[in-house]
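Student: Quick one, what's the 3D model for this:
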Amino acid sequence: MTDKGMRMPQYQPTHGRRTYWPILLVQAWLTLSVVWFAFGAWDWPVSNPLKLYAYVFLGQVLLLGGYVWGSRARPSLYSLPWSSERIVRWTILVTILVVVFTACCRDRFILTRNPLHLIRNPEEARSENNERLAEWSGSGPVEKVVNYSLMLASPFRVALIPLVFLYWPRLSRTMKWLAMLALLLQLYSFIATGTNKRLFDLVLLATWAIWLRGKVFAGHHRPRIQTKHVVGLATMAVLVMLYFTYSQYQRNDEQVREGFRFDSKTETGVDANHILMAHSPDWLQHTIASSEMYLCGGYYGLSVCLEQEWESTFGTGNSLYFMKLVEKFTGKGSVARKTYMGKAERYDGYRMMTCWHTAYPWIASDVSFPGALIIVFLYGMFFAMSWNDSLAGKNILAISVCSQFVVGLLYFSCNNQIVQSAESFCGFVPTFILWIVTRNRSKGWGA
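Tutor: Numbers count the residues shown, from 1 in each chain. Sure, this is the predicted structure:
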């Protein structure tokens, strides 16, 4: 298939070490998070270190094994009638429409507040957004339209960043302007609602898409990333990290006021004499402590969950969004209290809704911890398959699916990010199913 105005590249086989770079980078990242947890500034009171580290080791081995197994699959086309150019256009236009519509109907403060004030006061923006969402019942006619619109638009919104950065050289001038508008609207909505995590997603997915573009559009030449891309991405990363530091320093909760004390019954705190903290200025201490808590704190939650009894949630406990959706019919807390995270909160005080537990307990709440290892194997397998299809440049659905796997794996030490929120759940699940059922293996490259 060749798209009008957007010439699709011919697939070039990518055998050898390059095929395994994604999983090697993921493994390095996850290993770094474990090492940082074990030797970092936080004094985590882990009571079962052998069980914890053995389970995490098995998880990473099976993730790698799944990827190796899945990488054997041949890249495939997809059998839908819509061209890649049309899907990219829909992605850009739908994102613009839904962001503007949501701002007008639900997030009016974005339009009425001074943008510079929101940027200068990220903690205030985050608090106001949380209060507004708590008051948002979702039961009125307008609220239902907004919620359904966000759900239906989720597959396009989660695909915006990877598709725009991947196909940027193939876009027309008009579509480039619209793509920039869509990205800016998304970026401003992230800042205005105080969601730092989404800013990191922007840098992560932009980096991944540009790296993939260097491979997909390389033809017979050696893939390479231009210097301007490296400089641009590095600048974005530095700006996002500085903004994260500023927002964390501005927070006035107990974690910052009382020496970064964690709100668990264990009264875990940061060792002020740790090598990372002892000689760091105050603002950098906030960044180090917050970064370690976000990226590594989930392993402590996992250690507590490993000591709890399993009570299956039958497919409803792996996603916070889906859990709350089910509890609208079964009663508040009916699912949450059965999960490993809910039991860990009752046992240790390690709160389910505000603390990390890694992705393992979320998955295990449905299938047990041994069963979760099988899911992790499948996770790696589908990640490899979507990466192979993305490299072929012939299956645009695989590009969206693979980008969401990338996000999920990079946040694996936090929670089950790939289906955690309404947007991620409604964006990933339909796209994943559509990718699986429309993979045309009989016409796949390498047949």
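Student: hmm, which helix or strand of the protein has the shakiest average pLDDT?
Tutor: Ranked by mean pLDDT, DSSP states H and E, the weakest helix or strand in the chain is helix 254-257, scoring a mean of 44.
Student: now what about stretch 49-59, what contacts it?
Tutor: 34, 38, 46, 299, 302-303, 306, 358, 360, 369, 372-373, 376 (CB atoms under 8 Å, 6 or more residues apart in numbering). The way it works is simple: take the backbone N, C-alpha and C, and place the C-beta from them, glycine included.
Student: And it, what's buried?
Tutor: L52, Y53, Y55, V56, G59 (16 or more other CB atoms under 10 Å).
Student: So which elements touch the top helix by length along the chain?
Tutor: Using DSSP state H to define each element, the chain has its longest helix at helix 359-392. For helix 359-392, the packing partners by 3 or more CB pairs under 8 Å, 6 or more residues apart in numbering; DSSP states H and E come out as helix 21-39, helix 49-70, helix 196-216, helix 298-305, helix 340-348, helix 396-410, helix 422-437.
Student: Now do the next helix or strand after the third one against helix 196-216, angle only.
Tutor: What that stands for is helix 196-216. Note on helix 196-216: by DSSP states H and E, the next helix or strand toward the C-terminus is helix 227-250. Angle of helix 227-250 versus helix 196-216, following axes from the mean of the first three to the mean of the last three CA atoms, to 10 degrees, is 170 degrees.
Student: and helix 227-250, average pLDDT?
Tutor: The average pLDDT within helix 227-250 is 73.
Student: Also stretch 379-389?
Tutor: 94.
Student: Need the contact partners of it.
Tutor: In contact with stretch 379-389 (CB under 8 Å, 6+ apart) are residues 19, 22-23, 62-71, 73-76, 395, 398-399, 401-402, 405, 408-409, 432, 435, 439.
Student: which of those residues are buried?
Tutor: 19, 22-23, 62-64, 66-67, 70-71, 73, 75-76, 395, 398-399, 401-402, 405, 408-409, 432, 435, 439.
Student: how many neighbours does I436 have?
Tutor: 13 (other CB atoms under 10 Å).
Student: Would you mind measuring from it to W82?
Tutor: Counting by CB to CB, to the nearest Å, the separation of I436 from W82 is 17 Å.
Student: so which of the helices and strands packed on helix 359-392 gets nearest A272?
Tutor: helix 21-39 (16.0 Å; CB to CB).
Student: The closest one packs against which elements?
Tutor: helix 49-70, helix 282-296, helix 298-305, helix 359-392, helix 396-410.
Student: Could you list every helix and strand that the next helix or strand after the third one packs against?
Tutor: Of the helices and strands lying after helix 298-305 in sequence (DSSP H and E), the nearest is helix 320-330. Contact here means 3+ CB pairs under 8 Å, 6+ apart; on that basis helix 320-330 packs against helix 422-437.
Student: what about whichever helix or strand comes after the helix it packs on, distance to the chain center?
Tutor: The first helix or strand that comes after helix 422-437 along the chain, using DSSP H and E, is strand 439-440. The gap between where strand 439-440 is centred and where its chain is centred comes out at 26 Å by CA atoms, centre = their mean, to the nearest Å.
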